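Q: Just to be clear, the model below is a prediction. Sequence and coordinates:
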Amino acid sequence: YDGHCDLHVGITNSQGVVYHYDQEGVHRAGSGWEQCLSIPLVQPDMWELLQQWDSLLEEFSLEEAWLPHRYEEQQHNCYTFALAFINRVRQGRGREALSKAQFTESFLLPRTREASRYLTLHQQLAHRDVYVVPLAEQEQ
């Protein structure tokens, strides 16, 4: 990613299938997201939510709000889909909905900053005569 185009956002089910929304409606993709940033949304100790996640996501994705003709590039897009699902889950657990700004600041920016630092380092190393050697087990 070079920072010059919009990112596409999706939500995965427990099997790693990505639900994402665009001008053609909701898609379910089992591949094609291999170079994505993963942002954990559910803590491992939230057992009952993890058990319901797939059905909640499937039901949500079938709602009329996510029909193709409702897509609007700036106001009703993949980010809206993901945030609306997250807020539905939060509200079902008695938590306050997040605004786009709150979600971006709390969840997206920390991960994108981390990825940006990694990619910058990777690009710098790739263009220099550097060889990275793993440490022997006894040196770790």
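A: On my side now, so go ahead.
Q: Name the residues of stretch 66-86 that are buried.
A: Buried positions in stretch 66-86, judged by neighbour count with 16 or more other CB atoms under 10 Å: 66, 71, 77, 78, 79, 80, 81, 82, 83, 84, 85, 86. The way it works is simple: take the backbone N, C-alpha and C, and place the C-beta from them, glycine included.
Q: gap between it and the chain center?
A: 14 Å (CA atoms, centre = their mean, to the nearest Å).
Q: Just the pLDDT at residue 92, thanks.
A: Looking at residue 92, its pLDDT reads 91.
Q: Quick check: which element contains the nearest residue to it once chain neighbours are set aside?
A: Using CB to CB, 6 or more residues apart in numbering and skipping residues adjacent in sequence, the residue nearest residue 92 is residue 56, 7.8 Å away. Following DSSP states H and E, one finds residue 56 within helix 47-61.
Q: Could you point out the longest helix of this structure?
A: Ranked by residue count, the top helix of the chain under DSSP state H comes out as helix 109-126.
Q: can you give me the strands in the protein?
A: 10-12, 18-22, 25-29 (DSSP state E).
Q: how about the CA coordinates for the last one, as CSV?
A: What that stands for is strand 25-29. Extracted in CSV, the C-alpha atoms of strand 25-29 (Å, rounded to 0.1, in the frame of the first residue of the first chain):
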residue,chain,number,x,y,z
GLY,A,25,-23.5,-5.3,-2.3
VAL,A,26,-22.1,-7.6,0.4
HIS,A,27,-19.5,-10.1,-0.6
ARG,A,28,-18.1,-13.1,1.3
ALA,A,29,-14.5,-13.8,0.4
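Q: Contacts for it next, please.
A: Applying CB atoms under 8 Å, 6 or more residues apart in numbering, the contact partners of strand 25-29 are 10, 17-21, 61-62, 66-68, 71, 81.
Q: Which ones among the buried residues of stretch 66-86 lie within helices?
A: Those of those lying in helices (DSSP H): 78, 79, 80, 81, 82, 83, 84, 85, 86.
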